[in-house]
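A.B. asks: build me a structure from this.
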Amino acid sequence: YQRRVHGVAFQFGQFAVNMLKAYDKDIPEINLCVASTLPSSAPATNAFNNSFYFDPSTKNLYIRESRLSHMGDLLLLLSHCLAHLKAGDISTTNNDADPLFLKEFYHLMKHVCAQLFFSTFQPREVAPPLQEQVSQIQEHIGTLSEEDKRVLVTQ
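C.D. replies: This is a model prediction of the structure:
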């Protein structure tokens, strides 16, 4: 059960990163990875302390596996990490009070909210590079029970 839900969540995470990168071309390339344990990386000034680790040498962004349990948490975490990455402080201070981070974070969240609006009220075509990911996510969602689907949005 958990493996299926986390598999769908990970695919959604990859889709979300690609969607945000398509919106903001200045977000650097990353490889999204999942880890059950992480080295300590973020200071106490970071809302997601111990939820992610970025390795600048490999460009791997590791997210704690438990963050795959809820789509809202995952999307918020990924937006948060990408904003730190774009602000240039993900490997150093990770300070959520930094004005540049806040500017980038709200910029990305504005896009996430707009996407939610448009996907809710208007049928839209997804950009061709993202269509394959959408199809894979839809295919995996089709394999989930109603209980699994409920867990994805309510935990």
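A.B. asks: tell me where this protein has strands.
C.D. replies: 31-35, 52-55, 60-64 (DSSP state E).
A.B. asks: which among the ones you listed is found nearest to Q133?
C.D. replies: Set against Q133 and scored by CB to CB, the strands of the chain come closest in strand 31-35, at 11.9 Å. C-beta: built from backbone N, CA, C; applies to glycine.
A.B. asks: adding distance to L20, write the strands of the chain out as TSV.
C.D. replies: Shown next, in TSV, are the strands of the chain (distance: least, CB to CB, whole Å):
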stretch	distance to L20
strand 31-35	12
strand 52-55	15
strand 60-64	12
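A.B. asks: format those as CSV; extra columns: distance to E146 and mean neighbour count.
C.D. replies: Below are the strands of the chain laid out as CSV (distance: least, CB to CB, whole Å; neighbours: other CB atoms under 10 Å):
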stretch, distance to E146, mean neighbour count
strand 31-35, 25, 14
strand 52-55, 31, 20
strand 60-64, 26, 20
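A.B. asks: can the ones you listed go into a markdown table with extra columns for mean pLDDT and distance to K25?
C.D. replies: As requested, the strands of the chain are exported to a markdown table (pLDDT from 0 to 100; distance: least, CB to CB, whole Å):
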| stretch | mean pLDDT | distance to K25 |
| --- | --- | --- |
| strand 31-35 | 96 | 18 |
| strand 52-55 | 92 | 20 |
| strand 60-64 | 95 | 18 |
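A.B. asks: nearest approach to D96 belongs to which of the ones you listed?
C.D. replies: Once the strands of the chain are compared by CB to CB, strand 52-55 is nearest, at 12.8 Å.
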